[in-house]
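>>> Below are the sequence and a predicted model for it; my questions follow.
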Amino acid sequence: MSANAAPQWRRTRIGSTLTSDSSLRRRQTVPFDTAAAPKVVQERYPAYDDFPWIQIRDYLQMKWPSWTQFNEARVGDSWQFEVPENLSKAKTPPS
């Protein structure tokens with residue numbers, strides 16, 4: 001093969017029952033609408049000296065009592081954490 005020649009690709013037949021190229025494509029096995037894991041949204045909230053993470057966590061636990069793993073981290077001047085839905089779209093818990 002010369003240095004300027006284009007590479008030649010070869011198709012390998014996987015099984016004897018394949019009749020077209022379309023059967024060689026990858027097929028979806030799980031529908032998109034069925035989620036195995038709960039949805040997780042990453043949110044940020046400004047970090048203030050007089051409003052520590054404990055108060056933010058308490059508020060989030062009141063909003064989502066079954067959610068226990070917030071995976072909080074201080075990133076710059078903000079708290080970054082994970083919740084099951086956007087804070088701006090979430091319903092406020094009853095008082």
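Yep, it's here.
>>> CA atoms for contacts and neighbours, from now on please.
Will do.
>>> So L60: helix, strand or coil?
helix (DSSP: H, G, I helix; E, B strand; the rest coil).
>>> who's V83 bridged to?
Beta-bridge partners of V83, counted by DSSP bridges, are V41.
>>> Look at it and report its pLDDT.
Per-residue confidence (pLDDT) for V83: 93.
>>> so it sits right up against R57, yeah?
No. Using Cα atoms under 8 Å as the test, V83 is too far from R57 to be in contact (10.6 Å).
>>> For the protein, which segments are assigned as strands?
41-46, 73-75, 78-83 (DSSP state E).
>>> Would you format those strands as TSV with mean neighbour count included?
Listed next are those as TSV, based on neighbours: other Cα atoms under 10 Å:
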stretch	mean neighbour count
strand 41-46	14
strand 73-75	13
strand 78-83	18
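>>> quick one: which of those strands is nearest Q61?
Between Q61 and those, the shortest gap by Cα to Cα is with strand 78-83, which sits at 9.8 Å.
>>> what's the angle between that closest one and strand 41-46?
Using axes from the mean of the first three to the mean of the last three Cα atoms, to 10 degrees, one finds that strand 78-83 and strand 41-46 are set 150 degrees apart in direction.
>>> Which residues does strand 78-83 contact?
With contacts defined as Cα atoms under 8 Å, 6 or more residues apart in numbering, strand 78-83 is touched by 40-47, 53, 67, 69-74.
>>> and the strands of the chain as a markdown table, adding distance to Q61?
Shown next, in a markdown table, are the strands of the chain (distance: least, Cα to Cα, whole Å):
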| stretch | distance to Q61 |
| --- | --- |
| strand 41-46 | 15 |
| strand 73-75 | 17 |
| strand 78-83 | 10 |
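>>> Any figure for the gap between F81 and Q42?
6 Å (Cα to Cα, to the nearest Å).
>>> Would you tell me which of the strands of the chain gets closest to K63?
So among these, strand 78-83 is nearest, using Cα to Cα, at 9.9 Å.
>>> Please enumerate the helices of the chain.
With DSSP state H, the ranges of helices along the chain come out as 53-63.
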